[in-house]
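Trainee: Dropping the sequence and predicted coords here.
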There are 2 protein chains.
Amino acid sequence: MLSLLLLAAAPPPQAAPAASPANPVEADWHAVPDDELLVMTLATGKQVVIRLAPGFAPAHVANIRTLARARWWDDASVYRVQENWVAQWGDATEKKPLPAGITDHPAAEFEIAAFRPAVRMTKADSYSTASGITADGWPVATNGRQAWLTHCYGMVGVARDALPSTGSGAELFTPIGQSARRLDRNYTVVGRIVEGMGYLSGLPRSDAAMGVYASAAERLPIVSVRLASDMPAGDRPHFQYRSADNPRFAAAVAKRETPDAPTVGLGGAAVCDVLPTVRRTPR
Amino acid sequence: MLSLLLLAAAPPPQAAPAASPANPVEADWHAVPDDELLVMTLATGKQVVIRLAPGFAPAHVANIRTLARARWWDDASVYRVQENWVAQWGDATEKKPLPAGITDHPAAEFEIAAFRPAVRMTKADSYSTASGITADGWPVATNGRQAWLTHCYGMVGVARDALPSTGSGAELFTPIGQSARRLDRNYTVVGRIVEGMGYLSGLPRSDAAMGVYASAAERLPIVSVRLASDMPAGDRPHFQYRSADNPRFAAAVAKRETPDAPTVGLGGAAVCDVLPTVRRTPR
């Protein structure tokens, strides 16, 4: 049964079936609005679902909604998969015009004003003076003046030209290796992959420069990208986020920071290690 | 050309082609001993090369050498690939006897005595009071009394039963998502994958419990695992590590911690973000 040989991974704080002060109750789950869910269907038939973060990057999320409604990504592809770095998708040809209604060069949305998150990590990390989880489940870090979404594994960022530019939102990426925190405050973060991440992280790596697939044949075509709110009711997925502004989630984080003996900890954990679950709404 | 749409990733400190105080010189490269290189050949024909860390886990590395010389892994497989967690390989049946000469239940080698690494990270992280890179290129963290190899992406750990046990070294894993630092001091780390990591990280994820492939057909067979020192001279790979006890590497880390404007940093970086290159010895 593999019991002896398995790596006994502690379950993430969100996976909490048994009764415990750290486990969520029904009231901790809240609906993700349908227009904050982006459903990307790949040529493999698999779907990747992204939760959008309009509170952090409203102009870029507005662009993304316009691109989805224009069906702009319906002949796009995943064209870059760089080992221990990112998977990136959009228009590999760089020639496709953006649809009407796009803000072509939006101002960067790297940061918002600092605020106190619902749960704060006990220890600082190497890329911020404090970090934590917002009431609605987003990982954030701060330098005391600004706050920003952190580039954890599975977060979605906006690819761009050289600084100080930002991108339109047409080209997106997600970190597929360890967290890419050194991108914090240098790229606009627009969301988080909440289902299907393995369909991107498990793609073949390219050895070509920057991990861009050297041939069109290597690209994984994208069939469609839709806002859930634009999908027929029968096809539309519904998701819920686990809220962080309650004693259950605080207890889950505390347990991750100071695990039960005999597991050894140091009284801290990285914010990217405590992302709250976003789940399909139970039927 | 993709120039406008690419994520402009700063090159890792080790990839340093241009002349710069942060770039290595020939004297910074040192041979990895042949008996500290483990070559795993997969059924796909691809090879994964692991640099062993006998200085941190001598008993487990001794077991691994014995297992390789007994060709124990030659009918093993990669049998577990859990999204954003680990890939794990060895004997999926749990029934294969270990060869003669194995220390069946070695003492845990989670930690060694604290020491000052060649380069220290400026900021503490969430899992240690200090961290850095040893002269011979290993990432380490400390609590002031003990030091340990950190569970960065691509490091190799020993799967085990529940604490306080350790494993024999027959079942090994590597983190394939963001760094698995919360495993530090709870698992024995025996090395680092220095070539071919993408052949493990790019494998299909399993949705079964703990990411263990539900069927034997899903497993990726292992053809052979050999110490380079046991391979015929013509097949034997040679690798070099970049040493960290020199001003070039220190400058590379400093630049990663405080990047050139207009890139924004906070004067720190995680130890897992500055792992020195281990490369094939140039011909």
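Mentor: All right, it came through fine.

Trainee: nearest spatial neighbour of residue A:111, skipping sequence neighbours?
Mentor: Beyond its immediate neighbours in the sequence, the residue positioned closest to residue A:111 (Cβ to Cβ, 6 or more residues apart in numbering or on different chains) is residue A:146, lying 3.7 Å away. C-beta here means a position set from N, CA and C on the backbone, and glycine is covered the same way.

Trainee: and what of residue A:203?
Mentor: The nearest residue in space to residue A:203 (Cβ to Cβ, 6+ apart) is residue A:81, at 4.6 Å.

Trainee: From residue A:192, how far off is that neighbour?
Mentor: Here residue A:81 is placed at a distance of 19 Å from residue A:192 (Cβ to Cβ, to the nearest Å).

Trainee: thinking again about what came up before, count the residues that sit near the residue nearest to residue A:203.
Mentor: For residue A:81, the count of nearby residues is 26 (other Cβ atoms under 10 Å in any protein chain shown).

Trainee: before we move on, what about residue A:187?
Mentor: The number of residues packed near residue A:187 is 25, by other Cβ under 10 Å.

Trainee: do you know how far the closest residue to it other than its chain neighbours is from residue A:66?
Mentor: Taking Cβ to Cβ, 6+ apart as the measure, residue A:187 lies nearest to residue A:157, with 4.5 Å between them; neighbours along the chain are not counted. Summarising the geometry, the distance separating residue A:157 from residue A:66, computed by Cβ to Cβ, is 19 Å.

Trainee: These two - which one has more neighbours?
Mentor: Residue environment comparison for residue A:157 versus residue A:66 gives the larger neighbour count to residue A:157, 27 against 19, counting by other Cβ under 10 Å.

Trainee: quick revisit: need the per-residue pLDDT for the residue nearest to residue A:203.
Mentor: Turning to residue A:81, the model gives it a pLDDT of 98.

Trainee: so who does it touch?
Mentor: If you count contacts by Cβ atoms under 8 Å, 6 or more residues apart in numbering or on different chains, residue A:81 has them with A:87, A:88, A:176, A:200, A:203, A:204, A:205, A:206, A:211, A:213, B:202.

Trainee: List the contacts of the fifth one.
Mentor: Pointing back at residue A:203 there. If a contact means Cβ under 8 Å, 6+ apart, then residue A:203 has A:78, A:81, A:87, A:220, B:202 as its contacts.

Trainee: same deal with the second one?
Mentor: The contact partners of residue A:88, by Cβ under 8 Å, 6+ apart, come to A:78, A:79, A:80, A:81, A:159, A:171, A:172, A:173, B:6, B:7.

Trainee: if you set the cut-off to 6 Å instead, what comes out?
Mentor: Residue A:88 makes contact with A:80, A:159, A:173 under the criterion Cβ atoms under 6 Å, 6 or more residues apart in numbering or on different chains.

Trainee: Show me the beta-bridge partners of it.
Mentor: Going by DSSP bridges, residue A:88 is paired in beta bridges with residue A:80, residue A:173.

Trainee: Near residue A:110, how many other residues are there?
Mentor: Applying the criterion other Cβ under 10 Å, we find 22 residues in the vicinity of residue A:110.

Trainee: Pick out the residue closest to the middle of chain A.
Mentor: The central residue of chain A, meaning the one whose C-alpha is nearest the mean C-alpha position (Cα atoms, centre = their mean), is residue A:192 at 1.7 Å.

Trainee: Can you tell me the element residue A:254 falls in?
Mentor: For residue A:254, the host element (DSSP states H and E) is helix A:247-257.

Trainee: ok, now residue A:78?
Mentor: Per DSSP H and E, residue A:78 falls inside strand A:77-81.

Trainee: can you check residue A:141 too?
Mentor: Here residue A:141 is covered by strand A:139-142, with elements defined by DSSP H and E.

Trainee: Parallel or antiparallel, which strands does the helix or strand following that strand pair with?
Mentor: Using DSSP H and E, the helix or strand that follows strand A:139-142 in sequence is strand A:146-149. Partner strands and pairing direction for strand A:146-149 (DSSP bridges) are strand A:112-113 (antiparallel), strand A:139-142 (antiparallel).

Trainee: just how off-centre is strand A:146-149 within its chain?
Mentor: In terms of Cα atoms, centre = their mean, to the nearest Å, the gap separating the centre of strand A:146-149 from the centre of its chain is 15 Å.

Trainee: among the contacts of residue A:203, which ones are buried?
Mentor: Restricting these to buried positions leaves A:78, A:81, A:87, A:220, B:202, with burial counted as 16 or more other Cβ atoms under 10 Å in any protein chain shown.

Trainee: So for the fourth one, what pLDDT did the model give?
Mentor: This points to residue A:220. 98.

Trainee: The closest residue to residue A:152 other than its chain neighbours: what's it in contact with?
Mentor: In this structure, residue A:152 finds its nearest non-sequential neighbour in residue A:272, 3.6 Å apart by Cβ to Cβ, 6+ apart. Remark: with contacts taken as Cβ under 6 Å, 6+ apart, residue A:272 is in contact with A:152, A:179, B:178.

Trainee: ok, which stretches of the stretch 101-250 of chain A are strands?
Mentor: A:112-113, A:119-120, A:130-133, A:139-142, A:146-149, A:155-158, A:172-175, A:189-195, A:220-227, A:239-242 (DSSP state E, counting those that start in this stretch).

Trainee: What is the third one packed up against?
Mentor: Other elements packing on strand A:130-133 under the criterion 3 or more Cβ pairs under 6 Å, 6 or more residues apart in numbering or on different chains; DSSP states H and E are strand A:119-120, strand A:139-142.

Trainee: With distance to residue B:35 as added columns, please give these in JSON lines.
Mentor: Listed next are the helices and strands packed on strand A:130-133 as JSON lines, based on distance: least, Cβ to Cβ, whole Å:
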{"stretch": "strand A:119-120", "distance to residue B:35": "47"}
{"stretch": "strand A:139-142", "distance to residue B:35": "43"}
